[in-house]
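Enquirer: Got a sequence here, can you build the structure:
(chains A, B, C and D)
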There are 2 protein chains.
Amino acid sequence: MTKRNTKELILSTSLALFNELGEPNVTTNHIADEADISPGNLYYHFRSKDDIVIHLFKRFLTGLQPLTEVPENSALEAEDLWFQLHLTFEIKGQFRFLYRNLSDLTARIPDLGRAMRGLLMRERQAAFQMISGLQLKGSLRISTQEKELLVDTLLLVITYWIPFASMFDLHRLEDGTTQVKAIARVLQLVTPFLREPERSQFTKLAFEYLEQT
Amino acid sequence: MTKRNTKELILSTSLALFNELGEPNVTTNHIADEADISPGNLYYHFRSKDDIVIHLFKRFLTGLQPLTEVPENSALEAEDLWFQLHLTFEIKGQFRFLYRNLSDLTARIPDLGRAMRGLLMRERQAAFQMISGLQLKGSLRISTQEKELLVDTLLLVITYWIPFASMFDLHRLEDGTTQVKAIARVLQLVTPFLREPERSQFTKLAFEYLEQT
DNA sequence: GTCTATATCTAGATAGAC
DNA sequence: GTCTATCTAGATATAGAC
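Expert: Residues are numbered from 1 along each chain as shown, chains lettered A, B, ... in the order given. Model (predicted):
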């Protein structure tokens, strides 16, 4: 087995186990065992367990990158927004262990904490710009105070829909049901502030996809 | 030191440390050290670390109990609702370590998982009844579909406002700022579906308290 | 009830042969 | 690059004296 492949194998095995059992409940021996390699070999490729987590996190960020680099002031259409959310939620689902232990991971691994907080701030800004875009276009009416609160609520939902869902149905995260519900939730948060015809558009969109599941 | 007092001391010391550092990062030796007792003594009073967590959780439930036993079909006034939220959020803040490691704790300690899921279901039902009450009174208009989604969003927010807040300002949880923000957030979720005059009432209430901070 | 001392166990990590 | 064998540290938990 070449170096690249083993490293890859360790990462994918770790990701699967972390997602399934939760990162704190997966040992390096467990990973090695599942990947059919020796513990020593694992430590040849990674300096520590945290090192594996960090590599996975970087991969997560990379997967997210093309999505966070959205044209700044473009007022997104409802469909675009839905699609955007769908893509990011998909990736978050793939790396869901990060969100299930957010507090601990960010506290234990300072680099990860900084990076994650950075991501959250970028997401917050993206949400803010989306609202502002709709506002500028005249499709949305909201006070400054309400806007601040709404943006944070959006951030809360797009960050914690994973652990929330996993409290009830751990297995649904693999099919798309949970994602779609979370997306509908996000749209519903914005909808009430919209004017027609956007309001009906958003509402229709949210429940259209919800009903497919 | 009498038995009762030491047990109490262990519990309060554990709670403080868990809240501050996160439950997984606090060892039994650490607790004993902080409480100025020996590790052996700690294990005289509690069979395991999980046992301490369970005791604290029971205490949490007990503190919450008078609040979850709300008269069933009474349509709450805005002020009542605010007060109700304030009391429960206060207690959740006091036991915030439970919410910061929800996924892990519920997975590691099955009893706690069951009990926590039970609490969530009761809270969900309370939210549902609150919405239904307002609906029946004619103050609120919402479709069945939207109602389901809204109730789950409410549940998400009242469950994850603590870890969300602690991602940014770990220290604010001790003063009331974070709670008030979370309450305003909850009110804002319901507001858009309300008719006048309740709508203005709710909005005013949310921002009145928000501005005090 | 409380202490000191210690047992046990396990996870993370390393050494050195191949 | 990979293995086997092993070390180390630290956490939970117990034994037995006081």
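
Enquirer: Which residues of chain A lie near DNA strand C?
Expert: With C-beta under 7 Å from any atom of the strand as the criterion, chain A meets DNA strand C at residues A:27, A:28, A:29, A:30, A:39, A:40, A:43, A:47, A:48, A:49, A:50. (Each C-beta comes from the backbone N, C-alpha and C, glycine too.)

Enquirer: Excluding sequence neighbours, find me the nearest residue to the fifth one.
Expert: Spelled out, it's residue A:39. residue A:32 (4.5 Å; C-beta to C-beta, 6 or more residues apart in numbering or on different chains).

Enquirer: rewinding a little: weed out the non-buried ones from the residues of chain A next to DNA strand C.
Expert: The neighbour-count test (16 or more other C-beta atoms under 10 Å in any protein chain shown) applied to these identifies A:28, A:49 as buried.

Enquirer: what residues does the host helix or strand of residue A:44 touch?
Expert: Assigned by DSSP states H and E, residue A:44 belongs to helix A:39-45. Applying C-beta atoms under 8 Å, 6 or more residues apart in numbering or on different chains, the contact partners of helix A:39-45 are A:3, A:6, A:7, A:10, A:28, A:29, A:31, A:32, A:35.

Enquirer: Verify the contact between the fifth one and residue A:50 for me.
Expert: No. Because the distance of 10.6 Å does not satisfy C-beta atoms under 8 Å, residue A:28 is recorded as not touching residue A:50.

Enquirer: Number of residues surrounding residue A:41?
Expert: Look at residue A:41: counted by other C-beta atoms under 10 Å in any protein chain shown, it has 14 neighbours.

Enquirer: ugh, typo on my part, it should be residue A:164
Expert: 25.

Enquirer: Which residues are in contact with it?
Expert: Per C-beta under 8 Å, 6+ apart, neighbours of residue A:164: B:155, B:156, B:159, B:160.

Enquirer: ok, 6 Å please
Expert: Applying C-beta atoms under 6 Å, 6 or more residues apart in numbering or on different chains to residue A:164 gives the contacts residue B:156.

Enquirer: What parts of chain A come near DNA strand D?
Expert: Checking chain A against DNA strand D by C-beta under 7 Å from any atom of the strand, the hits are A:1-3, A:5-6, A:36-41, A:44-45.

Enquirer: Show me which pair in those residues is furthest apart.
Expert: Within the residues of chain A next to DNA strand D, A:2 and A:39 form the most distant pair, 19.8 Å apart (C-beta to C-beta).

Enquirer: In CSV, list the C-alpha atoms belonging to stretch A:163-183.
Expert: The C-alpha coordinates for stretch A:163-183 follow below in CSV (Å, rounded to 0.1, in the frame of the first residue of the first chain):
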residue,chain,number,x,y,z
PRO,A,163,-26.9,17.5,16.9
PHE,A,164,-30.5,18.5,17.2
ALA,A,165,-31.6,15.9,14.6
SER,A,166,-29.2,13.3,16.1
MET,A,167,-30.9,13.5,19.4
PHE,A,168,-33.9,11.8,17.9
ASP,A,169,-33.0,10.0,14.8
LEU,A,170,-29.3,9.2,14.5
HIS,A,171,-29.8,7.2,11.3
ARG,A,172,-31.7,9.7,9.2
LEU,A,173,-28.7,11.8,8.7
GLU,A,174,-27.5,9.5,5.9
ASP,A,175,-30.5,10.0,3.7
GLY,A,176,-31.5,13.5,2.8
THR,A,177,-34.5,13.9,5.1
THR,A,178,-32.8,15.7,7.9
GLN,A,179,-31.1,18.1,5.6
VAL,A,180,-34.3,19.0,3.8
LYS,A,181,-36.0,19.6,7.1
ALA,A,182,-33.2,21.9,8.2
ILE,A,183,-33.3,23.8,5.0
